[in-house]
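**Student:** I'd like to go over a predicted model; first the sequence, then the structure.
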Amino acid sequence: MIKTKNILVVDDDDVIRLACELTLKNEGMTVDTAENGKVGIEKLKSKNYDLILLDLMMPEMQGADFLEFVRQYDENIIVIVITGFATIESAVETLKKGAYDYLPKPFTPEELRKVVHKGMERRKLLIERESLHRERQVNLERIAAQKTRMAAIINCMGEGLIAIDTDGNLLLKNAVACELLGIKESDESGQQIKGYLNNEELENWIIEIIEKKKYPKRRFHKEIIFDQEKNKVYSVTLAPVKEKEKSVAGLVLVITDISEERKFEQMKAEFRKLVAVVAHELKAPINAIEGYLDLILKGYVKEKPEKEREYLERSRDKAEKLRSLIEDLLSLTSIES
């Protein structure tokens, strides 16, 4: 929006300068004048002008040279050429050099007002266009900065992350995802996931969701065996990406290597089985020893020394079996460590 309309009249004719100044001031415009191109350049450098009325034929500096300077100085300034040597050739030439319009002398105040108002409308459009361009550049720079920050954050994640659109194209991947899935970081976006993620179960799962549009309302977890031989197990968390209209724009998957956790759980399960076996093996001789000693202590074999000796020998045998079992366990523990 142009609040103050600043006009510069560059003409060596005093009458033309005065006539233009009076006519345009009555239109609420601010008007400055210059008797030649050199003075016009000095004024141009000291103030922001919206429109210049320029005579082609002037001493010291020709209007064509002044026009060329203006185009290099600020291409959004509107230049209207006024001259008494009007020919079709000169009009075409000035328009080629960047003039907005051409007004032959003599002209009426109404003709002047009309061409200047038309030029100011053009000036307004140019300023708005430049403002929109600057705004777009700022927005693009802001978006680029946000994308850079987001990429840095995503690549710092300890989990793998991939984003997929509703056509099954890979939009985004971080370094961990590339390492886990065995894909190249340098690969461009837009790859079809079928045959690209190096795991048929994972690919088919995603494709089925997309093709049947069975998008989960919330996060959904799934464990996938990625490499049977290497016991590689991944936990995959899948979540839909929704737009403002709540329609699904794509899917985000977070991939975590849980191979060590599953290996540890398997070891715990095996250890629990071992404990159960050991407990059973220990329980039998202990029960026997307790039984023999209980008979002796309660005096059931008091009158039968040979029976008492038999029970004691049996208890000793069971104790030796216990010691042997404990030594075997200690030996096994030593091997495992």
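**Tutor:** Perfect, thanks for sending it.

**Student:** how close does Lys118 sit to Tyr102?
**Tutor:** Distance of Lys118 to Tyr102, computed by CB to CB, to the nearest Å: 12 Å. Using the backbone N, CA and C atoms, a C-beta is placed for each residue, glycine as well.

**Student:** find residues that contact each of these two.
**Tutor:** Counting by CB atoms under 8 Å, 6 or more residues apart in numbering, no residue touches both Lys118 and Tyr102.

**Student:** neighbour count: the two, which is higher?
**Tutor:** The residue with more neighbours, out of Lys118 and Tyr102 and counting by other CB atoms under 10 Å, is Tyr102; that gives 19 against 14.

**Student:** Asp65: what secondary structure?
**Tutor:** State at Asp65, reduced to three classes by DSSP: H, G, I helix; E, B strand; the rest coil: helix.

**Student:** also Gly250?
**Tutor:** strand.

**Student:** burial check on it, number of neighbours?
**Tutor:** 19.

**Student:** for whichever strand or helix holds Ser331, name the packing helices and strands.
**Tutor:** Per DSSP states H and E: Ser331 is located in helix 305-336. Judged by 3 or more CB pairs under 8 Å, 6 or more residues apart in numbering; DSSP states H and E, the packing partners of helix 305-336 are helix 259-297.

**Student:** so how far is the helix it packs on from its chain's centroid?
**Tutor:** For helix 259-297, the separation from the chain centroid amounts to 56 Å (computed by CA atoms, centre = their mean, to the nearest Å).

**Student:** okay, buried residues for that helix please.
**Tutor:** Along helix 259-297, the positions that meet the burial threshold by neighbour count (16 or more other CB atoms under 10 Å) are Ser259, Arg262, Pro285, Ala288, Ile289, Tyr292, Ile296.

**Student:** check contacts around the second one.
**Tutor:** Shown in contact with Arg262 (CB under 8 Å, 6+ apart): Asn231, Val233.

**Student:** what helices or strands is the longest helix along the chain leaning on?
**Tutor:** Once the chain is assigned using DSSP state H, the helix that runs over the most residues is helix 109-155. Helix 109-155 makes packing contacts with helix 14-25, strand 51-55, strand 78-83, strand 101-104 when contacts are defined by 3+ CB pairs under 8 Å, 6+ apart.

**Student:** any weak-confidence spans in the protein?
**Tutor:** Low-confidence regions of the chain, defined by pLDDT under 70, span residues 1-2, 85-88, 144, 147, 245, 300-303, 329, 332-337.

**Student:** how is it divided into domains?
**Tutor:** Taking automatic domain parsing as the reference, the chain has its domains at 6-133, 158-257, 262-336.

**Student:** Leu140 is nearest to which of those?
**Tutor:** Within the domains of the chain, the stretch nearest Leu140 is domain 6-133; the backing value is 10.4 Å (CB to CB).

**Student:** next one: that closest one to chain centre, how far?
**Tutor:** Chain-centre distance of domain 6-133: 48 Å, with CA atoms, centre = their mean.

**Student:** for the helix or strand containing Glu93, C-alpha coordinates in CSV please.
**Tutor:** When elements are defined using DSSP H and E, Glu93 is found to belong to helix 88-96. These are the backbone C-alpha positions of helix 88-96, laid out as CSV (Å, rounded to 0.1, in the frame of the first residue of the first chain):
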residue,chain,number,x,y,z
ILE,A,88,6.6,5.6,-33.1
GLU,A,89,10.3,4.6,-33.2
SER,A,90,11.3,6.6,-30.1
ALA,A,91,8.2,5.4,-28.2
VAL,A,92,9.1,1.7,-28.9
GLU,A,93,12.7,2.3,-28.0
THR,A,94,11.9,3.9,-24.6
LEU,A,95,9.5,1.1,-23.8
LYS,A,96,12.1,-1.4,-24.6
